[in-house]
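S.K.: Quick one, structure for this:
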Amino acid sequence: MANQLTNSSAYFGQPWRQAYYAILPTLNDVLAKCEGDAGKLNYVLMAKTMIAFNYHMLASCFERIPISQALQGEANLTPKYDSEADVQKQIVALLAEIVAMDPEQVSAAEAVNPTTSADMLFAGNTDNWFKFANTLYLKMLMRDFDKNKTTIQSVLNSPLGFLDEADASFAHFSDSADKSNPLYESDRRQLNSNANMGACSDILKVVVADDPRLSEYFDNPSNLPVEQMGVDYGTQVNSYDNWRVKLAATDPVCFASIAEAAFLRAEAYARLNDVAKAQEFYEAGIAASFERWGFGAAAAGFIAGDYAFRSGTAEEMVEQIICQKWAASIRVQTWNAWWDINRTGYPAFGKVLTPYYGSIEGHPVRFMYSTYSSDYNPNTPAVKQLDEKMWWHK
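M.R.: Coordinates of the predicted model:
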């Protein structure tokens, strides 16, 4: 790799610092105050699920992270970084522990100590919290499908279900300074620019030109034809020569979505060679994506036409599933699409980066360790190149 990006907290520090300095310690405090109290099992469910989610985010970006010795405060300021295998094992074990909780007991705790006003994701709906945890559980297991095949089959049949009524998302933003969606706040309000994020031509390799979702994905300030929607990935261009990414102050931050849950099941069934179930959930994922943007009535036509499911080998089915999942992630879970590209190799295009600091062969697949850790913790692993694959990457 040429001209490697510097290992600076300016680039990679904030997600690390926010997780280990603020989010995880707070969740751990909630857990410490509630675990062992039958009347607070609802808080235990929520805290553990968000702990698992944050560790999965960190592991997905950095690979090796502290878990077993993390969150010990002054007792251990230099925790070890667990191995790749142990990180995966610990996150999966935590999720297995969560989905093994008794939903009736948790629901009873919610009745005694309601979280209706405090729960910013589901307003106290513990069934949806179990669905969120189960969706995340399947997601983590899919990173090693062959090893986890038996468990995956069991999870697919779990009575807990998967996200199907509501996304796991924070949707409490307003169109005012410092209270709007963080990306909108930074890019559109503070930088006061509509020119930083443009459309990429790769989208038209998956989404047809008359797909109504494109109007919610991108703005067209110069009234360019759809064929000029974007440019090749990594190309520097005048931002007004292509469509731009659409953002809104009140866009929710989505941790997991109905569409993602459907596409995860579609992929699992495809790998299990259950063509009928793969098609069922592939179509459900597309329908959920259309519904999100108010185009639910149009979904059936595209599912029967341009996006019709094609049976074939497991790998051929997985490719079309992941490509449509990638398209559905725009303006919702773009970070998740990046992980899927790394994990599956699909979509099989758009993998050349030309940043200001040089270029790399292929595309970036990991974050570098933050100086928030490396400056103070001697256990921080050696820096790996941005394009060095993680254990679960294709």
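S.K.: Only C-alpha atoms from now on, for both contacts and neighbour counts.
M.R.: Will do.
S.K.: Excluding sequence neighbours, find me the nearest residue to the spatially most central residue of the chain.
M.R.: Centroid-nearest residue in the chain: N336, 3.5 Å away (criterion: Cα atoms, centre = their mean). Nearest non-adjacent residue to N336, counting by Cα to Cα, 6 or more residues apart in numbering: S329, 7.4 Å away.
S.K.: That neighbour - how many residues pack around it?
M.R.: Using other Cα atoms under 10 Å, the number of residues around S329 comes to 20.
S.K.: hey, where'd the strands end up in this structure?
M.R.: 168-170, 218-219, 244-245, 253-256 (DSSP state E).
S.K.: What are the contacting residues of the first one?
M.R.: The set of residues external to strand 168-170 that reach it, using Cα atoms under 8 Å, 6 or more residues apart in numbering, is M120, L121, F122, F132, P252, V253, C254, F255, A256, S257.
S.K.: repeat for stretch 268-287
M.R.: Contact with stretch 268-287 is made by 142, 152, 258-263, 265-267, 296, 299-300, 303, 309, 311, 314-315, 317-318, 321, 324-325, 328, as judged by Cα under 8 Å, 6+ apart.
S.K.: which ones among these are found in helices?
M.R.: With helices taken from DSSP state H, the overlap with the contacts of stretch 268-287 comprises 152, 258-263, 265-267, 296, 299-300, 303, 314-315, 317-318, 321, 324-325, 328.
S.K.: Name only those of those that count as buried.
M.R.: Among those, those classed as buried by 16 or more other Cα atoms under 10 Å are 152, 258-263, 265-267, 299, 303, 314, 317-318, 321, 324-325, 328.
S.K.: Any regions of this protein where pLDDT drops low?
M.R.: Under the criterion pLDDT under 70, the flagged ranges of the chain are 1-11, 234-240, 350-362.
S.K.: mind giving me the domain split of it?
M.R.: According to automatic domain parsing, the chain comprises the domains 198-245, 261-332.
S.K.: first to last residue in the longest one, what's the distance?
M.R.: If I follow you right, that is domain 261-332. End-to-end distance for domain 261-332: 13 Å, by Cα to Cα, to the nearest Å.
S.K.: again, but for the first one
M.R.: In domain 198-245, first residue to last residue: 5 Å (Cα to Cα).
S.K.: one step back: any idea which of the strands of the chain is most buried?
M.R.: Ranked by mean neighbour count under mean count of other Cα atoms under 10 Å, these are led by strand 244-245, which reaches a mean of 22.
S.K.: Are there helices or strands packed against that one, and which ones?
M.R.: In this structure, strand 244-245 makes packing contacts with strand 218-219, judged by 3 or more Cα pairs under 8 Å, 6 or more residues apart in numbering; DSSP states H and E.
S.K.: Return the distance of the strand it packs on from the chain's centre.
M.R.: Computed by Cα atoms, centre = their mean, to the nearest Å, the chain-centroid distance of strand 218-219 equals 22 Å.
S.K.: what pairs with it, and is each one parallel or antiparallel?
M.R.: strand 244-245 (antiparallel) (DSSP bridges).
S.K.: Which residues does the strand it pairs with contact?
M.R.: Strand 244-245 is contacted by residues N194, A195, M197, G198, A199, Y217, F218, D219, N220, P221 when judged by Cα under 8 Å, 6+ apart.
S.K.: For N54, give its distance to F290.
M.R.: Going from N54 to F290 by Cα to Cα gives 28 Å.
S.K.: And the two? Which one has more around it.
M.R.: F290 (22 against 19).
S.K.: Can you lay out the domains of the chain as a markdown table showing distance to V87?
M.R.: As requested, those are exported to a markdown table (distance: least, Cα to Cα, whole Å):
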| stretch | distance to V87 |
| --- | --- |
| domain 198-245 | 32 |
| domain 261-332 | 21 |
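S.K.: wait, which of the ones you listed is closest to Y20?
M.R.: Y20 lies closest, by Cα to Cα, to one member of the domains of the chain: domain 261-332, at 24.4 Å.
S.K.: Next, count neighbours for the residue nearest to D241 when sequence neighbours are not counted.
M.R.: With sequence-adjacent residues excluded and distances taken as Cα to Cα, 6+ apart, D241 is closest to S222, at 7.5 Å. Residues lying near S222 (other Cα under 10 Å) number 11.
S.K.: now M368
M.R.: 22.
S.K.: Next one: I330 from A166, what distance?
M.R.: Counting by Cα to Cα, the gap from I330 to A166 is 18 Å.
S.K.: wait, D127
M.R.: From D127 to A166 the distance is 11 Å (Cα to Cα).
S.K.: N76 too?
M.R.: Distance of N76 to A166, given as Cα to Cα: 39 Å.
S.K.: out of these two, which sits in the more crowded spot?
M.R.: A166 (15 against 11).
S.K.: who's in contact with P25?
M.R.: Taking Cα under 8 Å, 6+ apart, one finds L71 in contact with P25.
S.K.: Would you list the phi and psi of the residue nearest to D241?
M.R.: phi -110, psi 10 (degrees, to the nearest 10).
S.K.: which ones are touching L45?
M.R.: For L45, the contacting residues are I98, M101, V106, W129, F130, by Cα under 8 Å, 6+ apart.
S.K.: got the residues you listed as CSV, with neighbour count and distance to F281 columns?
M.R.: What follows is these, written out as CSV (neighbours: other Cα atoms under 10 Å; distance: Cα to Cα, whole Å):
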residue, neighbour count, distance to F281
I98, 21, 24
M101, 14, 26
V106, 22, 29
W129, 26, 21
F130, 25, 20
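S.K.: In this structure the residue nearest to N336 contacts W339, no?
M.R.: No: between S329 and W339 there is no contact under Cα atoms under 8 Å: 11.4 Å.
S.K.: Distance of the residue nearest to S201 when sequence neighbours are not counted relative to Q153?
M.R.: Excluding the flanking residues, the one nearest S201 by Cα to Cα, 6+ apart is G230, at 4.2 Å. Distance, G230 to Q153, using Cα to Cα: 40 Å.
S.K.: In terms of neighbours, single out the busier of those two.
M.R.: More crowded of G230 and Q153, by other Cα under 10 Å: G230, with 23 against 14.
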